[in-house]
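J.: My questions concern the predicted model and sequence given below.
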Amino acid sequence: MKILHVISSLRTGGAEKLVVQLTSALKAMGHQVDVALFDGLETDLKRNLEETGCKIFSFSKSKSMNSLKSIYYPWHIFKLARIMKGYDIVHTHNTTPQLFAAIARIGRKSPVLVTTEHSTFNRRRNMRIFRAIDRWMYKKYASIICISGIASSKLTEYLGTGRNICVINNGVDISTFSQAEADPCLRKDSRPHVVVMVAAMRPEKDHPTLIRAIWQLGSQYELWLAGDGSTRESLENLTRELSVEDRVKFLGWRKDIPQILKSADVVAMASHYEGLSLSSIEGMAVSKPFVASDVDGLREVVQGAGVLVSEADAAGFASAIEKLCTDPVLSAQVAQNCMKRAMQYDFQTMAVSYNKVYEGLIKEKDNAPRAGGTPSADDAWIE
């Protein structure tokens with residue numbers, strides 16, 4: 001098969017990681033897999049993608065990590081339309097690629113459109129004007145793959161139908177994280193207890209609550225924040241307001257995430273909502289205790305393994321972190337449970353599931369009625 005993945009950019013995030021890993025896995029299965037980026041900004045993930053040997057189409061290029069305007073240029077539709085006709089499957093990620101690919105395919109019977117829904121919520125769902133647009137858009141997709149059960153439920157509720165929606169849980173390369181070694185240099189001048197959170201600095205993440213938790217815990221505790229993004233400046237301002245700038249380290253984008261996670265005492269994820277957090281699965285795969293916000297997209301992964309804390313509850317995070325850092329028996333038990341849970345989200349299982357979806361759609365299309373026949377209402381590729 002010839003498969004084209006379309007995504008806004010390869011800034012760090014769950015959708016971006018999935019595209020890079022899935023491209024590599026599908027190429028290993030013998031498929032031609034290429035990637036179209038609305039913003040071809042140079043990042044570590046883009047360099048990782050280049051190593052797979054796939055063709056990369058970059059429609060534009062931002063001048064900085066925090067500039068997002070180039071993602072929304074409407075002329076991307078025409079560039080995408082020219083490229084799409086050479087592929088069997090076009091697989092989109094994120095809202096703008098989803099919409100632009102649907103528009104680019106108007107009047108055509110191919111390629112087959114597939115999309116992955118990476119979150120349980122976006123701001124468009126709060127605005128009634130977008131519902132009709134979204135319903136039209138999603139109907140153009142032969143398959144809508146949700147990365148968790150809760151993401152599927154939320155999308156079905158929003159659209160008023162579960163047509164063409166299926167669930168394939170996100171996965172990670174568990175061995176990369178479980179076999180990682182701690183880097184002693186990272187702890188050379190650290191406090192006795194280190195907490196780490198790996199996440200892009202965006203409004204949906206709840207870094208402020210974790211910073212306030214560290215402030216409540218006192219001088220024996222240190223927080224590492226790996227990632228970057230639009231909210232970094234406000235987070236740095238918060239650390240100064242709370243006088244914890246010496247105990248909160250902003251690590252930026254890093255290539256050594258497995259080693260960073262392995263070097264901490266507790267891994268945390270504070271968020272307002274998720275689809276199914278890859279960073280959380282990675283954090284649970286390093287044999288460290290994991291604590292997270294009790295919100296959609298985290299709850300179903302963490303419940304019964306790690307520790308869940310009410311959303312935006314700094315005191316709750318502080319209490320959970322303190323217990324995990326000072327009770328070695330509890331810490332070991334939670335870490336063991338987290339490792340077992342992470343094993344359920346193996347990346348290879350996910351890749352095989354995606355391949356089955358693609359193969360099923362191509363077979364279905366090949367068996368669809370030709371000109372003069374009577375098309376089925378479920379023939380999503382027929383305009």
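T.: Done, it's in. Numbers count the residues shown, from 1 in each chain.
J.: how about K2, phi and psi?
T.: phi -100, psi 120 (degrees, to the nearest 10).
J.: Could you double-check that it sits in contact with V90?
T.: No. Taking contacts as Cβ atoms under 8 Å, K2 lies outside contact range of V90: 9.6 Å. Every residue, glycine included, has its C-beta placed from N, CA and C.
J.: So for those two, which residue has more residues nearby?
T.: V90 (27 against 13; other Cβ atoms under 10 Å).
J.: Check the average confidence over the host helix or strand of that one, would you?
T.: Per DSSP states H and E: V90 is located in strand 89-93. Mean per-residue pLDDT for strand 89-93: 98.
J.: What is the helix or strand following that strand packed up against?
T.: Sequence-wise, the next helix or strand downstream of strand 89-93 (DSSP H and E) is helix 95-104. Judged by 3 or more Cβ pairs under 8 Å, 6 or more residues apart in numbering; DSSP states H and E, helix 95-104 is in contact with strand 2-7, helix 76-84, strand 89-93, strand 112-117, helix 129-139.
J.: Adding distance to R240, write these out as TSV.
T.: Shown next, in TSV, are the helices and strands packed on helix 95-104 (distance: least, Cβ to Cβ, whole Å):
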stretch	distance to R240
strand 2-7	35
helix 76-84	39
strand 89-93	36
strand 112-117	38
helix 129-139	38
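J.: you'd agree I106 is in a strand?
T.: No. Counting by DSSP: H, G, I helix; E, B strand; the rest coil, I106 is not part of a strand but coil.
J.: Let me know how buried it is, in neighbour terms.
T.: The tally of other residues near I106 (other Cβ under 10 Å) stands at 10.
J.: picking that back up, identify all contacting residues around the strand holding V90.
T.: 1-8, 15, 18-19, 84, 98, 101, 105, 111-116, 118, 358, 361-362 (Cβ atoms under 8 Å, 6 or more residues apart in numbering).
J.: among these, which ones are buried?
T.: Neighbour-count burial (16 or more other Cβ atoms under 10 Å) applied to these gives 1, 3-8, 15, 18-19, 84, 98, 101, 105, 111-116, 118, 358, 361-362.
J.: beta partners of S293?
T.: V309 (DSSP bridges).
J.: does it really touch S271, like I thought?
T.: Yes. With contact defined as Cβ under 8 Å, S293 reaches S271; the gap is 5.1 Å.
J.: Need the overlap of contacts for those two.
T.: Common contact partners of S293 and S271 (Cβ under 8 Å, 6+ apart): D206.
J.: Which pLDDT value goes with K63?
T.: 69.
J.: er, R370 I mean
T.: Model confidence at R370 (pLDDT) stands at 58.
J.: Also the one 10 residues further on?
T.: Here the pLDDT value assigned to A380 is 32.
J.: cool, L45 as well?
T.: Value for L45, per-residue pLDDT: 91.
J.: count of residues packed around it?
T.: Neighbours of L45 using other Cβ under 10 Å come to 19.
J.: Using CSV, write out every CA atom in the helix or strand it falls within.
T.: Element membership for L45 (DSSP H and E) is helix 44-50. Extracted in CSV, the C-alpha atoms of helix 44-50 (Å, rounded to 0.1, in the frame of the first residue of the first chain):
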residue,chain,number,x,y,z
ASP,A,44,14.1,16.1,17.0
LEU,A,45,11.0,14.2,15.9
LYS,A,46,11.4,15.4,12.3
ARG,A,47,15.0,14.2,12.3
ASN,A,48,13.8,10.9,13.7
LEU,A,49,11.3,10.7,10.9
GLU,A,50,14.0,11.4,8.3
